[in-house]
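Trainee: any chance you can model this:
(2 chains)
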2 protein chains.
Amino acid sequence: MFWSESFIYTLKEAPEAAESVSHKLMLRAGLIRMLVAGVYSYLPLGFKVLKNIENIVREEMDKTGACEILLAALQPEELWIKSGRDEQMGETMIRFTDRKGRKLCLGPTHEEVITELVKNQVRSYRELPVILYQIQTKYRDELRPRFGLMRACEFIMKDAYSFDIDEASLDKNYKKMFIAYEKIFKRCGLSFISTKADCGVMGGDESCEFMVEALSGEDKVIYCSDCNFAQASTETKKCPNCKKDLKGITVIEIGHIFKLGTKYSKSLEANFTDADGTIKPMIMGCYGIGVSRLIAAIIEQNYDKDGIIWPREISPYDVLIIPLNMAHRQTKEVSGELYKNLSAKFNVLLDDRDERAGIKFKDADLIGVPLKVVIGEKGLENGKIEIVKRRDNSVLLVDVDKAMAAIKDIIK
Amino acid sequence: MFWSESFIYTLKEAPEAAESVSHKLMLRAGLIRMLVAGVYSYLPLGFKVLKNIENIVREEMDKTGACEILLAALQPEELWIKSGRDEQMGETMIRFTDRKGRKLCLGPTHEEVITELVKNQVRSYRELPVILYQIQTKYRDELRPRFGLMRACEFIMKDAYSFDIDEASLDKNYKKMFIAYEKIFKRCGLSFISTKADCGVMGGDESCEFMVEALSGEDKVIYCSDCNFAQASTETKKCPNCKKDLKGITVIEIGHIFKLGTKYSKSLEANFTDADGTIKPMIMGCYGIGVSRLIAAIIEQNYDKDGIIWPREISPYDVLIIPLNMAHRQTKEVSGELYKNLSAKFNVLLDDRDERAGIKFKDADLIGVPLKVVIGEKGLENGKIEIVKRRDNSVLLVDVDKAMAAIKDIIK
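Mentor: Okay, here's the model as predicted:
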């Protein structure tokens, strides 16, 4: 894409209301814009990042054998009364009565709906296990929406649900999800911790939280940097594993996996006939990832004073070509040629704007594309262009005709 | 994928409430399930079809140079009061007051939000034209939801919006969209008509509707099968172009493009500074496609008494392998081998169920994968397997070792 056609709008300063680093950078780099407090529009750069994260989540979920579906945001309130969570959700759940008098709500989560769906399809143990997942928009009437996409009223989650015949089978799916989550967060370029990282296996445990350390985190845990032990309770001072001093840190929750057992299958009567002919409630698990929140978490761990530094798989573009002066004929030609060649294999952004080099460099660092290719008059006099890594600003000076190969080699 | 792991649930009979062919087939083939009237869950087969349609729409939109974004469903009611559409939307728009007292609604469309967004970014004529689009969920409090995804309370649309400096530039974008729409609907395997098909160019016209003929269509038009003239008004009896008799037909609206002019930019003050320094309202166009509704429209035009016949680009799978008897060792081996080889290049479904051949054939025809590969004991005795086209049931008997090449040749 050409910058001039990409609807990229950067800001010198973030609006005062933006508190966290990620919120500020998302606004400044033109990823999102606020519509009303807690409600955001994704601009093209933000949308591309969102899709990249979704694709990683989708790939790793598909590898576990989970099937992708899509549930509605509209839900009948009745299901929540049946499950007993109606009162618990209270005012956090957005509710309304439609003009036919139906009491509906906007799903803050989908345990009830998925249980009802599976209950109506699955009859026999032969059809289990089942894991279904979706990447879908959730709603919460947040009293204090904060930090941009971190705590928003409308947000995107991946929620998966497993249905098993017994605890042993649930254990298998739970572990499968744990491993998938580790892969997802690694691919997202995150250094994450989990409340179950200490025990290696997760047998018998009811839930596990995945978190990233961040100054703007709203949760607190105690953490052992030696063995990665983490726990929400702050009573303990020494690590139960290696007896080292524990550190109190603030974290962002990015994922959570739960063994639900029969909580929902019992209240909503989601039963199956087992091999011996007896009728039993399905054993459930649920597995969430805050997809839109991940954008914020990734930025909190990948930035410097100049802007965002995207991990390769997350970046809206693989390469940013920066012609220093589009009015210089050879600069324009070499840039255009390289753009054409690179575009066949990569997502390339070409800063074709008639702006000063200083502005282009500032914007480049702000939007955080991991690889910059700088093309200027002086370099071209010696037949050279610069390949610059955003993360460490390391510069590779290469011959024009070797640029393609060099870039391919770096990106791989 | 293996059928047994794909959460495919077919029905012998559609529930009585399902009226239209497409609604019945979507339920029977296990594409969707109803949660409450007008609200549906997409099961894996339905979700795959939805994604295929979305990808076609996305590809053709991207080719026009439009930039993809994602707007929120939650909107402030205030914007609708400003645009003057608040009363017009009336009870069709879902509204509620959140616990902070904010008056919000669920967007039935996004002209107001996009106008506000672009107004806050674009300042100068140099930044125009802009075309933005999204594929996003819309909400309507339908008094009479009908025909499954055809008239639902929660549905998915592609909505694009153009912003131009003058009418001539709007004309260009409008034509660009018209051509993109033709490509999209063709790739969806639809025989469609448009209210502007008669005039070739669309200069001066304010809007154009794209429709497909269907018995369950809720709109009526008069139509000339000779020159494709179509018009909503039923006054005329003869075609104004070729003087032939016009036919009254029922249609499903699948797309609509509008020249909005300054309707929204004036009321919401979305202005730009023109080359001569004067401040002018942006000239807008909007372009919608009913993405989830397209699933229904495609089925209405692509089915027979046995089930759905998916157009190739829409089908949830490219090939369905049907081993007649999984207990027969060679059948299982040949099926597994072919599955492995085909999967490297295509989306393949293997019916690994321990079911009678009759049931497998019936389900195959119902879910409508365009190419079936039938592998059975008798054929294998002669070293042959059958490649069957779903649309015309034509059979190609091929040697086992030539099956890959033959299938590749057919799908291309």
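Trainee: tell me the secondary structure for the residue in the stretch 251-400 of chain A positioned nearest to chain B?
Mentor: Relative to chain B, the nearest point of the stretch 251-400 of chain A is residue A:354 (9.2 Å; C-beta to the nearest C-beta). For glycine as for every other residue, the C-beta is placed from the backbone atoms N, C-alpha and C. Taking DSSP: H, G, I helix; E, B strand; the rest coil as the rule, one finds residue A:354 in the coil state.
Trainee: OK, contacts around the closest residue to it other than its chain neighbours?
Mentor: Residue nearest to residue A:354 in three dimensions, not counting chain neighbours: residue A:326, with 6.0 Å by C-beta to C-beta, 6 or more residues apart in numbering or on different chains. Applying C-beta atoms under 8 Å, 6 or more residues apart in numbering or on different chains, we find residue A:326 in contact with A:332, A:335, A:352-354.
Trainee: ok, back up a step: what is the neighbour count of the residue of the stretch 251-400 of chain A closest to chain B?
Mentor: Residue A:354 is flanked by 9 other residues according to other C-beta atoms under 10 Å in any protein chain shown.
Trainee: any idea how far residue A:360 is from it?
Mentor: Distance, residue A:354 to residue A:360, using C-beta to C-beta, to the nearest Å: 10 Å.
Trainee: kindly report the same for residue A:96.
Mentor: Taken as C-beta to C-beta, the span from residue A:96 to residue A:360 is 48 Å.
Trainee: residue A:213 too?
Mentor: 33 Å.
Trainee: likewise for residue A:87?
Mentor: For residue A:87, the distance to residue A:360 equals 56 Å [C-beta to C-beta].
Trainee: higher neighbour count, those two?
Mentor: Using other C-beta under 10 Å, the more surrounded residue of residue A:87 and residue A:360 is residue A:360, with 20 against 8.
Trainee: quick one: the helices in chain A?
Mentor: For chain A, the helices defined by DSSP state H occupy A:21-28, A:44-63, A:77-83, A:86-89, A:111-121, A:167-187, A:263-267, A:291-301, A:329-343, A:357-367, A:377-381, A:403-411.
Trainee: which residues are contacting the third one?
Mentor: Helix A:77-83 is touched from outside by A:86, A:89, A:93, A:95, A:103-105, A:111-113, A:115-116, A:264, A:267-268, with contacts defined as C-beta under 8 Å, 6+ apart.
Trainee: check which residues of it are buried.
Mentor: Residues A:77, A:79-80, A:82-83 are the ones in helix A:77-83 that count as buried (16 or more other C-beta atoms under 10 Å in any protein chain shown).
Trainee: tell me the one of those residues nearest residue A:147?
Mentor: residue A:80 (27.8 Å; C-beta to C-beta).
Trainee: quick one: the strand ranked longest in chain A to helix A:111-121, angle?
Mentor: Secondary structure of chain A per DSSP state E: the longest strand is strand A:247-261. Per axes from the mean of the first three to the mean of the last three C-alpha atoms, to 10 degrees, the angle that strand A:247-261 makes with helix A:111-121 is 30 degrees.
Trainee: relative to helix A:167-187, how tilted is strand A:247-261?
Mentor: Going by the same axes, to 10 degrees, strand A:247-261 makes 140 degrees with helix A:167-187.
Trainee: report the strands that pair with strand A:247-261, each with its relative direction.
Mentor: Counting by DSSP bridges, the strands paired with strand A:247-261 are strand A:207-213 (antiparallel), strand A:219-223 (antiparallel), strand A:283-290 (antiparallel).
Trainee: deepest of the helices of chain A, which one?
Mentor: Of all those, helix A:291-301 carries the top mean neighbour count, a mean of 26, counting by mean count of other C-beta atoms under 10 Å in any protein chain shown.
Trainee: which residues touch the nearest residue to residue A:216 once chain neighbours are set aside?
Mentor: Leaving aside its sequence neighbours, residue A:216 sits nearest to residue A:20 (C-beta to C-beta, 6+ apart; 3.4 Å). By C-beta under 8 Å, 6+ apart, the contact set of residue A:20 is A:146-148, A:150, A:214-216, A:296, A:300.
Trainee: out of those residues, which are buried?
Mentor: Buried members of the contacts of residue A:20, scored by 16+ other C-beta under 10 Å, are A:146-148, A:150, A:214, A:216, A:296, A:300.
Trainee: surely residue A:372 meets residue A:390?
Mentor: Yes - counting by C-beta atoms under 8 Å, residue A:372 touches residue A:390, with 6.3 Å between them.
Trainee: pull up the overlap in contacts between those two.
Mentor: residue A:364.
Trainee: tell me the pLDDT at the residue nearest to residue A:4 when sequence neighbours are not counted?
Mentor: With sequence-adjacent residues excluded and distances taken as C-beta to C-beta, 6+ apart, residue A:4 is closest to residue A:352, at 5.2 Å. The score at residue A:352 is 97. That number is its pLDDT.
Trainee: ok, now how distant is residue A:352 from residue A:274?
Mentor: Taking C-beta to C-beta, one finds residue A:352 at 65 Å from residue A:274.
Trainee: tell me which of these two has more neighbours.
Mentor: Neighbour totals were compared for residue A:352 and residue A:274, and residue A:352 leads with 20 against 14 (other C-beta under 10 Å).
Trainee: break chain A into its domains for me.
Mentor: Domain assignment for chain A by automatic domain parsing gives A:3-304, A:319-411.
Trainee: specify the beta-bridge partners of residue A:238.
Mentor: According to DSSP bridges, the residues that bridge with residue A:238 are residue A:245.
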